[in-house]
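Asks: Predicted coordinates and the sequence they were generated for:
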Amino acid sequence: MKRKLLAVLLTCCMTAGMLAGCGGSSKEAGNAQPEQEGAGASAQAGTEAAAESTGENITIEFFNQKQEEAAQQAYRNAAEEFHKEYPNITVEINTVPDSDKVLTARMAAGDVPVVFHGKPTSQAFFESAEAGYCMDLTDQPFIEKAIPSLLEAVKSEDGKVYAMPYSQNFMGVFYNMDIFEEQNLDIPETWDEFMELCGKLKDAGIQPLEESYKDTGMAGHYRGGAMAALFPDGALWLAECAQDPEKKPSDNPDYRTFAEKAIQIMDYCNEDVFGIPQTQAMENFANGKAAMMIYGSYGRGTFLVANPDLNLGVFPIPGLTKDSGLVYAGVDACFCVSGKATPEEQDAGLKWIEFLSRPENAQKWSDTEGAPSAIDGVQYGSEGSLPMLNRIKEGKVREWKAYYDSRFSDTEAFQGLLMDRDVDKFLKNADEVWANAHVSG
């Protein structure tokens, strides 16, 4: 999955689109006064670090795009704890909608935040880093705390690290563990086993899947997860077609197989799958109206808000054979330190990232925010989440990023496929999209 294999790699916008929440820009400073109590080794380390931190007071901006209230609360909590350890450093949390555009504009104006969310899944990011907007973090000890496969995914072609991975996302099958236990069901390891499991649930009078494909975007999320599982090299193949006008998506028989398999879930979904809003579908699943929902990791917090007692697990979308499929996953939040900041600001920024990267602090953040951590050793959810996390840790993933120009997109065609289940029509539509994109480009 090396970037240099894909000359058409563009800025990744999928992750931001999936994780962007509601609300406007907000700035908050974590500056709680030190408390008297601490916690074991962490408290001792904090005391020693605070003793070393005798410099002048400094405020650093932490620029991020995670607008969900849970994420903001997680960062506020961390900033307050950080200030107890480093009383001379105040972290000002700046949460910004359309953060990509805002950050680009600020960089152009020479106003770079001291610490900011970066997206090392795009060529544009590395161009900015090499232009001096990001510090080289390669030799920072804290980067070793990241899950190795995720750290590898954010490296530049020459092996440098300009952004510390902190959280991740994935597409998987969330399931009600109580229903699985009551029905004596095992986690499926192949696509056929998955469909067989759906059939057993349906025969037992239990709705297998609750989904919402009313919006093209949500259909596209399923499309990405299903392609990684059923046609692991699908994204690379479509990128080839985007580079070579002589090639079209339907030339590869695996693309047809992917389409034929992906529509099979429609026999087991709720009848109003194309009419129900996404939020309602999530609430229905959380409250036991279905046994499973194919969704992204970013939905876990919403499920548990809807039903705090939900016994929730998640497993990978199965492939055609055992272990053949990949998980559609990738790095979400990554932390960068401005290469344009003063040495004092950079030092404070590095301390902030180091603090966040400690497993105990990353665990608190993940528990509050609801997203899986990119820090090794941090637990996500219950034991029912281990099948997914183990697969990701093994590196069996298809990176969640843009592999080709957004003009080449079969998402609308895929939504149509789910509606009419006409594979030939889908293939024809996809071929036309690629052909038209080549002409317009």
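Replies: Looks like it arrived, so ask away. Model, not experiment: these values are computed from the prediction. Numbers count the residues shown, from 1 in each chain.
Asks: Could you use CA atoms for every contact and neighbour count after this?
Replies: Fine.
Asks: can you give me the offset of stretch 87-98 from its chain's centre?
Replies: Centre-to-centre, stretch 87-98 and its host chain are 22 Å apart (Cα atoms, centre = their mean, to the nearest Å).
Asks: and that stretch, which residues are buried?
Replies: By neighbour count with 16 or more other Cα atoms under 10 Å, stretch 87-98 contains the buried residues 87-97.
Asks: and that stretch, C-alpha only, in PDB?
Replies: Below are the C-alpha coordinates for stretch 87-98, written out as PDB (Å, rounded to 0.1, in the frame of the first residue of the first chain):
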ATOM      1  CA  PRO A  87       1.600  24.300  35.000                       C
ATOM      2  CA  ASN A  88       3.400  26.800  32.800                       C
ATOM      3  CA  ILE A  89       1.800  25.400  29.600                       C
ATOM      4  CA  THR A  90      -1.800  26.100  28.600                       C
ATOM      5  CA  VAL A  91      -3.400  24.200  25.700                       C
ATOM      6  CA  GLU A  92      -5.900  26.200  23.800                       C
ATOM      7  CA  ILE A  93      -8.300  23.800  22.000                       C
ATOM      8  CA  ASN A  94      -9.500  25.200  18.700                       C
ATOM      9  CA  THR A  95     -12.100  23.000  17.000                       C
ATOM     10  CA  VAL A  96     -12.800  24.100  13.500                       C
ATOM     11  CA  PRO A  97     -15.300  23.000  10.800                       C
ATOM     12  CA  ASP A  98     -13.900  22.700   7.300                       C
END
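Asks: Quick check: mean pLDDT of stretch 61-77?
Replies: When pLDDT is averaged over stretch 61-77, the result is 85.
Asks: Put the alpha carbons of it into CSV.
Replies: Presented in CSV, the C-alpha positions along stretch 61-77 are these (Å, rounded to 0.1, in the frame of the first residue of the first chain):
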residue,chain,number,x,y,z
GLU,A,61,-3.0,26.3,20.1
PHE,A,62,-4.3,22.8,19.5
PHE,A,63,-6.1,22.9,16.1
ASN,A,64,-8.4,19.9,15.4
GLN,A,65,-11.4,18.9,13.3
LYS,A,66,-13.2,16.6,15.7
GLN,A,67,-16.4,18.6,16.4
GLU,A,68,-18.4,15.9,18.2
GLU,A,69,-19.0,16.9,21.8
ALA,A,70,-17.6,13.6,23.1
ALA,A,71,-14.3,14.3,21.3
GLN,A,72,-14.1,17.9,22.6
GLN,A,73,-14.8,16.7,26.1
ALA,A,74,-12.0,14.1,25.8
TYR,A,75,-9.6,16.8,24.7
ARG,A,76,-10.7,19.2,27.4
ASN,A,77,-10.2,16.5,30.0
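Asks: residues of it that come out buried?
Replies: The neighbour-count check on stretch 61-77 (16+ other Cα under 10 Å) flags 61-67, 70-72, 74-77 as buried.
Asks: Redo those residues as TSV? Include secondary structure and distance to residue 215.
Replies: Shown next, in TSV, are those (DSSP: H, G, I helix; E, B strand; the rest coil; distance: Cα to Cα, whole Å):
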residue	secondary structure	distance to residue 215
61	strand	36
62	strand	33
63	strand	30
64	strand	27
65	coil	23
66	coil	22
67	coil	21
70	helix	25
71	helix	25
72	helix	27
74	helix	30
75	helix	31
76	helix	33
77	helix	35
